[in-house]
Each structure stands twice: as structure tokens, then as C-alpha cells.
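1. Predicted structure and sequence below. I'll ask about it afterward.
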Amino acid sequence: MSATSANYTPRRANWLASQPQQPTEVDIDPESLDEDLVEEITWDSAPLTYQAPVIETPDSKEIAVAVDGVSMTYRVRSSSEYLKEKNRFSRAVKQVLGSGWAEIPALDEVSFVVNRGESVGVIGTNGSGKSTLMKLLTGKVRPTTGEVYATSTPVMLGVNAALVRTISGRENIKLGCLAMGMTPQQAAEKFDLIVEISGLHDALDMPLKAYSAGMASRLQFAIATAVDPDILLIDEALNTGDAQFRARTKKRLDEVRATAGCVFLVSHSLGTIKQMCTRVIWIEQGRLLADGDPEWVCSQYEEYTGHKSNERMRSAQIVYDRTLLKLSEAQIEFREGTRPTRAG
Ligand SMILES: Nc1ncnc2c1ncn2[C@@H]1O[C@H](COP(=O)(O)OP(=O)(O)OP(=O)(O)O)[C@@H](O)[C@H]1O
């Protein structure tokens, strides 16, 4: 569908007509809450209220990505051992279908809007749904329900720049650029920049199989970001670099951010996230739990994971519930003609 479709009717038009346009606080019946939770929330001085969804009306000049009520359920054929294993971890298998088929919920009604110039950190414990979200953003995988919109095709670092182990770094740069859709001339023009970003001047003629994991991911990063992607997705790629490379990476990410669209960075390293991101999204058990200031979101996450790693599951649940209470859920409305194309 074209971004300028004149006949577009917002998907949620009926719903919007019956809802307030401003966030409104809705009273919760304290009787329905666990006593400890009430105590904790009161102590934290958070209002004992749910916020009604904020209606996000993306500005067509600003918007880079809109994720509108996206849910994702994988359908897998699995052995009973695998299912037992899944049950042991955080996410329960929702429904076991006949003859070994199972549905695994990975994301549940996630909505947010990202504007150009933002650098969004994505955090969450193992299996919470971060990589699934990235896959949906590339448009290569379709959500079960909901929709992902993007103003250009997001580039996933590491997927588009597949490296070949038997040829040199120099040849990999040329091949990687061609694989990402550059002409031979564009690839030649970008060569020096890629070498500079990767910092691999001395290793250019070595075969890739002689590179360490960190060196290979530096090369991958340099190739992927050389195309000046409008929307760049990075999944854990930065964690292998040394301090010098991280500084160079940050510089390059800042440039990408400044020149074009936005960056998504999935990482378990909160230091990296806080250093590189202007906003953080916390996905937990498939739900969007927090979306906002990196310091605040990371501090809630640290408290949550601290409790979990000490097996204080009840306290972890309190942090989860308390954080969720503060989330202003988004509902997305596109004005006529302002909707970007569907990702993919
Ligand atoms: N291809 C797949 N088929 C079936 N289930 C999957 C598939 N990919 C992910 N899942 C399941 O979906 C859920 C979310 O997984 P996902 O990889 O998105 O989590 P994650 O937050 O990226 O985890 P991690 O931090 O460990 O990389 C998990 O329960 C996982 O087992």
C-alpha cells in the first residue's frame, strides 16, 4: 500500500471514535490486587491507576517505524522433550496441538512509534521476544496479528552482510557491498570508509577464517553501516568489540542517526545500551513492559533481573507489575495519507 494512499481508513477508526484522545487515569480496584503489591506500589508513590492508551498520531515527516498491535506466535513441530524444556523456562507453551505441533507465543500486542533520529535500545531476559521483534521489523517474517510499518526497509546488521570465511577481508568488503545492492563503483567508493570503521587495516589480506570473532563482527558492522541505512537493526553485534572499536562504533552510529533514520540495538549489555541509546524498550514475556528514558528503564530491569537471579520471584513479579503500571500504552492512528508502507 502506498504511503500516500488517499482512501486509507485507519484500522482502529471505530475504536478511536469511542475513546478519549488524551491519556486518562482509570481507577483500579485495590481489592483485586495482591496486598504486597499494593504496599510496594504505594511505597514507590506510583499512582494506583492504569493509564488509558495514548493515541499516537505519527507525523509523516518524523516517523521511521510504527509497530501497531503486533503479536507473534510460532507454530512448531516439537518433540515432547523440547516442550518440557520450554515449560521449564519463562514462557509456557500456550497450546499443544495434535501430533506434536505446538504454538509458542513470542510477542503479545506490542505497539510503539519510533521517529527519525532516535536510537532505540531493546532489552529483555532470554526468550522475551527481542529477536522476534527485530525479524518482524525487517518485514521478512509476518506478524500473526497487527502490522509493522516502516518508511524504508530496515537493514539487519549481520544478515545482509554475510561473510565468506575462505576469502580475505578485502574481498569480503567488495562482496558484502555488492550483496547489499551497491554497484561496483559504489562499492569502490565505500572501501576506504569501511576499512576505517572496521579498523582492520593490517588484516585486510588475511582470510576471514584467521580473524577472531571480534574482528569478524567489526568487519560485518563496517560493511552493514556503509550503505547508510535509513533504519538499522543491530542484534547483539557490538558486544564482541574491544574498547577502541566500541568508541568507533558509537561514532558511526551517531553519524547514521544524524544523517538518516533510526537505529535499534538489541543487547544484554546495559552499559552499551545506556551509552548508545536515546530511548529504551523493555520486552518481557512477549509484552512491552517499559518504553522511555534509558537510565530509568535499565534501573527497573536491573532490579527485576537482580530479584530473578536470586530466585526472589515474587519480588521480581512486583517490579514487573509496577513497571507495567507506569507504561502509557500506545494506540496508533494514521491520518489519511500519512501511513508508511508495510515492512517487507
Ligand atoms: N523460529 C522459532 N520457532 C519457534 N519458536 C521460536 C522461534 N524463534 C523464537 N522462538 C521462541 O519465541 C520466544 C522469543 O524468542 P526470541 O528469540 O525472540 O527471544 P530473545 O528475547 O531474542 O531471546 P535471547 O535474549 O535469548 O536472544 C522464545 O520462547 C523462543 O523459544
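-> Thanks, I have it. Numbers count the residues shown, from 1 in each chain.
2. Mind giving me the packing neighbours of the one helix or strand residue 248 maps to?
-> When elements are assigned from DSSP states H and E, residue 248 belongs to helix 243-259. Helix 243-259 makes packing contacts with helix 213-226, strand 262-266, helix 270-276 when contacts are defined by 3 or more CB pairs under 8 Å, 6 or more residues apart in numbering; DSSP states H and E. Bear in mind the C-beta positions are built from the backbone N, C-alpha and C, glycine included.
3. Show me which positions of that helix end up buried.
-> Buried residues in helix 243-259, counted by 16 or more other CB atoms under 10 Å: 245-246, 248-249, 252-253, 256-257.
4. Do a quick rundown of the strands in the stretch 101-250 of the chain.
-> 101-115, 119-123, 145-150, 155-156, 231-235 (DSSP state E, counting those that start in this stretch).
5. among the ones you listed, which is nearest the ligand?
-> Counting by CB to the nearest ligand atom, the ligand lies closest to strand 101-115 out of these; the figure is 3.5 Å.
6. that older thread, same list, the buried residues of helix 243-259, but as TSV with distance to residue 184 and pLDDT please.
-> Putting the buried residues of helix 243-259 into TSV (distance: CB to CB, whole Å; pLDDT from 0 to 100) gives the following:
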residue	distance to residue 184	pLDDT
245	28	72
246	32	71
248	26	73
249	27	74
252	23	76
253	27	72
256	23	72
257	29	64
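7. Show me the two of those residues that sit farthest apart.
-> The distance between the two most remote of these (CB to CB) is 18.1 Å, for 245 and 257.
8. Quickly list the domain ranges of this protein.
-> According to automatic domain parsing, the chain is divided into the following domains: 13-67+112-154+230-332, 161-228.
9. Go through these and name the closest to the ligand.
-> domain 13-67+112-154+230-332 (3.2 Å).
10. so does the closest one get close to the ligand?
-> Yes: using CB under 6 Å from any ligand atom, a contact is recorded between domain 13-67+112-154+230-332 and the ligand, made by 124, 126-132.
11. just the buried members of those residues?
-> Buried by 16+ other CB under 10 Å: 124, 127-130, 132, out of these.
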